[in-house]
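Student: sequence first, predicted model second:
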Amino acid sequence: MNKIKVIVVDDSALMRKIISDMLNAEEDMEVIGIAKNGEELLLKLETLNPDIITLDVEMPKMNGITALKELKKRGITVPVIMLSSISIKGTELTIECLESGAFDFIPKPSGEISLDINKVREDLTEKIRGAYNKISPDNNSREFKRMRITLKEQREIRRESLKKGKEAEVNAIGRIKAVAIGASTGGPKALYSVITALPKDIGVPVLVVQHMPAGFTKAFAERLNANSDIRVKEAAEGDDIEKDTVYIAPGGFHMEVWEDKKIHLNTEPSIWGVRPAVDKLFISASKVYGTNLMSVVLTGMGKDGAGGTVEVKKRGGLTISEDKSTCIIYGMPKATYETGMVDIVLPLQDIPVHIVKTVMGVRR
């Protein structure tokens, strides 16, 4: 079996050892090099050919964001998974790294490291396999086979979507009272494209679940808010749901909509291994908004959002999923499409246009 070759970059010798040991313990992974900063990484890449790089965000000499930009400048396309502290600086830099092309990130172990290590191992190895499967067409993992789809099948999906979705979209124009969006791997960059393209007077609330750990969603919401015309905030318990506002579910909490038209957060068990879960949002919002809800599923691993999409459609809402051609990972959108409850399949760049057209009845 070909092993996934990884370079581990971290300024802490302890973290380099912890990450290297956990990856080398996996049957399908092998650490082929280590570096203590971005400068060392660039030197290592002159002789090593990794499949994946794990990159610390905060490092001396050359930090994660500078290293990412230098990789891009040199035309190096190896997928990068960031390891970030939950400091204010660390979370802000992590969001910038995701926007600059990092595949995904995980929080670094903190406090009692032994308590965090199993969760870190599970998250990191899953993301490494996801990144590797994305770039390895000959890979035979079950997840990759599930996400794989032929060009012929994709053309058929688009054709059926255009035929089926046109009528549904026309019928929904002027009727939508809320938009709910779900995303996972690749989501921060995708959401940035969508949210920053929305007008400040769209006239409806936009409710967003992005799979992201506690401590990072505040920085994500603040960055979106600083670069968008529409208001963006991290949701809080009891928030009134107001039009012309984007609510980002806080990491570690499920976000639901109740009949009182307020945001309600809870720490009920994870769904599909995640909290917040897209399904929680979609299902609760569909009960409140019914035929007046639009749901959108963007890039991500797994199947969160598929069950919620079914409920949105059952109650007469309009359902959209991202086209494979623009997904970082075609997992969640594919699972959603396979429910048979998706009205429209769209490439990422067309999604904000269709949101605005359907909500406001105009093209902008």
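Tutor: Received, thanks. All values reported here derive from a predicted model rather than from experimental measurement. Residues are numbered from 1 along each chain as shown.

Student: okay, CA-based contacts and neighbour counts for the rest of this
Tutor: Fine.

Student: beta partners for the spatially closest residue to D51 that is not a sequence neighbour?
Tutor: Nearest in space to D51, with sequence neighbours left out and distances taken as CA to CA, 6 or more residues apart in numbering, is K5 at 5.1 Å. As for beta bridges, K5 partners with E30 under DSSP bridges.

Student: distance check, K5 against L55.
Tutor: 14 Å (CA to CA, to the nearest Å).

Student: all strands of the chain, in order?
Tutor: 4-9, 29-35, 52-56, 80-84, 104-107, 178-183, 206-210, 231-234, 245-248, 254-257, 263-266, 293-297, 318-322, 344-346 (DSSP state E).

Student: with distance to V356, mean neighbour count and mean pLDDT added, can I get the ones you listed in a markdown table?
Tutor: Formatted as a markdown table, the strands of the chain follow (distance: least, CA to CA, whole Å; neighbours: other CA atoms under 10 Å; pLDDT from 0 to 100):
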| stretch | distance to V356 | mean neighbour count | mean pLDDT |
| --- | --- | --- | --- |
| strand 4-9 | 42 | 24 | 97 |
| strand 29-35 | 45 | 19 | 97 |
| strand 52-56 | 37 | 26 | 96 |
| strand 80-84 | 33 | 25 | 93 |
| strand 104-107 | 29 | 24 | 92 |
| strand 178-183 | 10 | 25 | 98 |
| strand 206-210 | 12 | 27 | 98 |
| strand 231-234 | 15 | 22 | 98 |
| strand 245-248 | 14 | 23 | 98 |
| strand 254-257 | 22 | 26 | 98 |
| strand 263-266 | 23 | 18 | 98 |
| strand 293-297 | 11 | 28 | 98 |
| strand 318-322 | 13 | 28 | 96 |
| strand 344-346 | 14 | 24 | 92 |
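
Student: with distance to K357 added, can I get those strands in TSV?
Tutor: Output for these, formatted as TSV (distance: least, CA to CA, whole Å):
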stretch	distance to K357
strand 4-9	44
strand 29-35	47
strand 52-56	40
strand 80-84	36
strand 104-107	31
strand 178-183	13
strand 206-210	15
strand 231-234	19
strand 245-248	18
strand 254-257	24
strand 263-266	26
strand 293-297	12
strand 318-322	13
strand 344-346	14
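
Student: wait, which of the ones you listed is closest to K73?
Tutor: strand 80-84 (14.6 Å; CA to CA).

Student: list the contacts of the closest one.
Tutor: 52-58, 64, 90-91, 94, 97, 102-108, 127-128 (CA atoms under 8 Å, 6 or more residues apart in numbering).

Student: now the angle between strand 4-9 and that strand, please.
Tutor: Per axes from the mean of the first three to the mean of the last three CA atoms, to 10 degrees, the angle that strand 80-84 makes with strand 4-9 is 40 degrees.

Student: can you check what angle separates strand 80-84 from strand 52-56?
Tutor: Using the same axes, to 10 degrees: strand 80-84 against strand 52-56 is 20 degrees.

Student: partner strands of strand 80-84, with direction?
Tutor: Assessed with DSSP bridges, strand 80-84 is paired to strand 52-56 (parallel), strand 104-107 (parallel).

Student: okay, the ones you listed in TSV with distance to L23 next?
Tutor: TSV is the format used below for the strands paired with strand 80-84 (distance: least, CA to CA, whole Å):
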stretch	distance to L23
strand 52-56	11
strand 104-107	14
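
Student: out of those, nearest to L43?
Tutor: Closest among the strands paired with strand 80-84, using CA to CA: strand 52-56, at 13.6 Å.

Student: what angle separates the closest one from strand 29-35?
Tutor: Using the same axes, to 10 degrees, strand 52-56 lies at 50 degrees relative to strand 29-35.

Student: can you show me the CA trace of strand 52-56 as CSV?
Tutor: Taking Å, rounded to 0.1, in the frame of the first residue of the first chain, the C-alpha atoms of strand 52-56 are listed here in CSV:
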residue,chain,number,x,y,z
ILE,A,52,0.6,16.6,2.5
ILE,A,53,2.1,19.3,4.7
THR,A,54,0.9,20.0,8.3
LEU,A,55,1.8,23.6,9.1
ASP,A,56,1.9,25.5,12.4
